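1. A structural model of the following input is requested.
(2 chains)
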Number of protein chains: 2
Amino acid sequence: MKVPGEVIGHLRERDNFFIASHFNPEGDALGSSIALGMALKARGKNVTVFNKDSVPESYEFLPGNDVITDSVPDSIENLLLLDCNSLDRAGLEKSEVKHAVVIDHHKTSNSFGDVQWVIPDAPATGLMIFYLIKELGVDISKDIASNLYTAIGIDTGIFRYPNTTSECLVVASELVIMGADPGLIAERLFNNYSKNRFMLLKEMLSGIEMVDGIAVTVVLDEMYRTTGTVSADTENFVNYPLLMDEVKVSMLLRQIGQKSWKVSLRSKGTIDISAVAAMFDGGGHRNAAGCSISGKLKDAKADLLKAVQDVIKQ
Amino acid sequence: MKVPGEVIGHLRERDNFFIASHFNPEGDALGSSIALGMALKARGKNVTVFNKDSVPESYEFLPGNDVITDSVPDSIENLLLLDCNSLDRAGLEKSEVKHAVVIDHHKTSNSFGDVQWVIPDAPATGLMIFYLIKELGVDISKDIASNLYTAIGIDTGIFRYPNTTSECLVVASELVIMGADPGLIAERLFNNYSKNRFMLLKEMLSGIEMVDGIAVTVVLDEMYRTTGTVSADTENFVNYPLLMDEVKVSMLLRQIGQKSWKVSLRSKGTIDISAVAAMFDGGGHRNAAGCSISGKLKDAKADLLKAVQDVIKQ
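-> Numbers count the residues shown, from 1 in each chain, chains lettered A, B, ... in the order given. From the prediction side, this is the model:
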């Protein structure tokens, strides 16, 4: 992967940088931001690393995460916007930005940024930051390595998703040599359930229904109450039914209020589940999408099932 | 990793080989056996690849798996015993073996084998076979790469276990260049549950008990009957309780017969669970081990729990 000279030149010439990423951040946004901040500091630059949202507890293991500030400035001299491509997504729409470099692996039709380095084929922004740091001539410290390994790890499902390339494996190997601990990072990323959250998962799975290769699971308000959990604890739950080879689509309905449901949809292979989400004013990608629906549980399920069955038939 | 000259010399000089591995085979046993068989055939050798048990359905995606025979010979000229270190474990205790090379990553006090190449630090036998094949001067074909990626993948939890090294990541990277498909292999290894197997998992989890950071799960004969499953369906089940951050040790007891239990043990971090297995004449690695125990369920659990608690205290 070649780093554009324009990006390197900009980082070398300027002295003050403001690194930002999308709100509701995950490992790629956080790891990329922290690692680049460390590298620029090592080059003697003044750096602010910003995120609108605070670091989720599950990412507090990232070395240097305490550097992240949520204080929105009136004016930004040199913005480095990572893993997203609009000021809105970073929560910086009210700041005056004098110069912006976008470094991202999400396809965009957005024209924001004086310099855009966007590689939709890159499995993670963290991989781009790895090459950028090398190009800056900064040694990859153990802390930088841990942040970048996490960034690449989360966006490839630690090398389980189809976006896993030989390139990211070889970079991961180098990051391990530099001190990233693969077992520990995997453990922090995936084995981080509270006991209550595990009990909620168990309860959700105990009510699973299967119809024609479609798995339907439900989380009721009552289940949060009995297990002492909250909605955020259901992250990733929709993926469990996909363990079954016969399940082509997994659908999770989470209760919000009396007769309202937040719906997560996952599909395997070429089934475009975002088409189902779109029918209910939702959105997403081919294999991962979401929407909301109102009504009695029984009716909501039936409507969604019909929509999924129609999409599968196509 | 250096391949002993004795091993290479033996493979170069002889013409007929019988490759075997442990019964109840998983990805490392199967992938290593099939890959080495392909490489020796590419060198013009006569090769038989044997396993006492048939290839589990979940591994039928391995290219070349149909080469495996379960026919036990009276006599074996040159045995290559992979991923285990005794004839018993391979189901070959009745065969007359003239010469045996053991290639394994399990620690052993066993003296079986005219040549022993045992590297307990190697994350998988498949990694050793990779270097062996390179040393033989055989090109890694797409089929060999897929088998070796699976072998290394299953024994490192696809690079999530603490045994993951920079070396195995760089080898994985090379195997991807040679044609192994990381997304597809991960899907086949992990999203391959039958509906019945998923129901068994659900039922096992519903009975989970937690004592001082130790999770205890049980699979009874009756559970196999009601869900239409068999013992092999419990593969990987012991890892689910580790999702919880408070769980340091996971212990799964599977019923075999009236009052007999096969025990799988997993630990996090520096807890050496193989010490527990050893107390019950079992074995394994620091974070993954197993043993058998007889007695009433209640007593077996209590004995194991005490042993685990003692090891945690150390």
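2. How many neighbouring residues does A:Q258 have?
-> By the criterion of other Cβ atoms under 10 Å in any protein chain shown, A:Q258 has 8 neighbours. For the C-beta atoms, the positions are set from N, CA and C on the backbone; glycine is no exception.
3. Phi and psi next, for it.
-> Here is the backbone geometry of A:Q258 (degrees, to the nearest 10): phi -70, psi -50.
4. Enumerate the residues of the stretch 201-314 of chain A near chain B.
-> A:201-202, A:205-206, A:208, A:210, A:241-246, A:268 (Cβ under 8 Å from any Cβ of the partner chain).
5. Using neighbour counts, trim those to the buried set.
-> Buried members of these, scored by 16 or more other Cβ atoms under 10 Å in any protein chain shown, are A:L201, A:K202, A:L205, A:I208, A:P241, A:L242, A:L243, A:M244, A:D245, A:K268.
6. now for the helix or strand containing A:G153, which elements pack on it?
-> Here A:G153, judged by DSSP states H and E, is contained in helix A:142-155. Where contact means 3 or more Cβ pairs under 8 Å, 6 or more residues apart in numbering or on different chains; DSSP states H and E, helix A:142-155 is packed against helix A:27-42, helix A:125-135, helix A:166-177, helix A:182-190.
7. Report the buried residues of it.
-> A:143-155.
8. Likewise for stretch A:167-187?
-> Buried residues in stretch A:167-187 (16+ other Cβ under 10 Å): A:167-176, A:178, A:180-183, A:185-187.
9. What about the residues of the stretch 201-314 of chain A next to chain B, which are in helices?
-> A:L201, A:K202, A:L205, A:S206 (DSSP state H).
10. Now these in JSON lines, please, with extra columns for pLDDT.
-> Formatted as JSON lines, these follow (pLDDT from 0 to 100):
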{"residue": "A:L201", "pLDDT": "96"}
{"residue": "A:K202", "pLDDT": "95"}
{"residue": "A:L205", "pLDDT": "95"}
{"residue": "A:S206", "pLDDT": "92"}
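11. where in the stretch 151-300 of chain A is pLDDT low?
-> Within the stretch 151-300 of chain A, no stretch has pLDDT under 70.
12. residue ranges of the strands in it, please?
-> Counting by DSSP state E, counting those that start in this stretch, the stretch 151-300 of chain A has strands at residues A:209-211, A:214-219, A:249-255, A:260-267, A:283-284, A:288-294.
13. Not including adjacent chain positions, what is the nearest residue to A:M178?
-> Leaving aside its sequence neighbours, A:M178 sits nearest to A:A145 (Cβ to Cβ, 6 or more residues apart in numbering or on different chains; 3.8 Å).
14. How about A:A277?
-> In space, A:A277 is closest to A:A289, 3.6 Å off (Cβ to Cβ, 6+ apart).
15. on that earlier part again, of the helices and strands packed on helix A:142-155, which is nearest A:G284?
-> helix A:27-42 (17.6 Å; Cβ to Cβ).
16. helices or strands next to that closest one in the packing?
-> Using 3+ Cβ pairs under 8 Å, 6+ apart: helix A:27-42 touches strand A:16-21, strand A:46-50, strand A:75-82, helix A:125-135, helix A:142-155.
17. my guess is A:A151 meets A:T125, correct?
-> Yes. Taking contacts as Cβ atoms under 8 Å, A:A151 lies within contact range of A:T125: 6.6 Å.
18. Now do the shared contacts for those two.
-> Shared contacts of A:A151 and A:T125, defined by Cβ atoms under 8 Å, 6 or more residues apart in numbering or on different chains, comprise A:D28, A:S32.
19. Give me the buried positions along stretch A:100-116.
-> A:A100, A:V101, A:V102, A:I103, A:D104, A:H105, A:H106, A:N110, A:F112, A:G113, A:Q116.
20. what's the average pLDDT for it?
-> For stretch A:100-116, mean pLDDT rounds to 90.
21. neighbouring contacts of it?
-> A:4, A:6-7, A:10, A:32, A:76, A:78-87, A:99, A:117-125, A:127-129, A:132, A:155.
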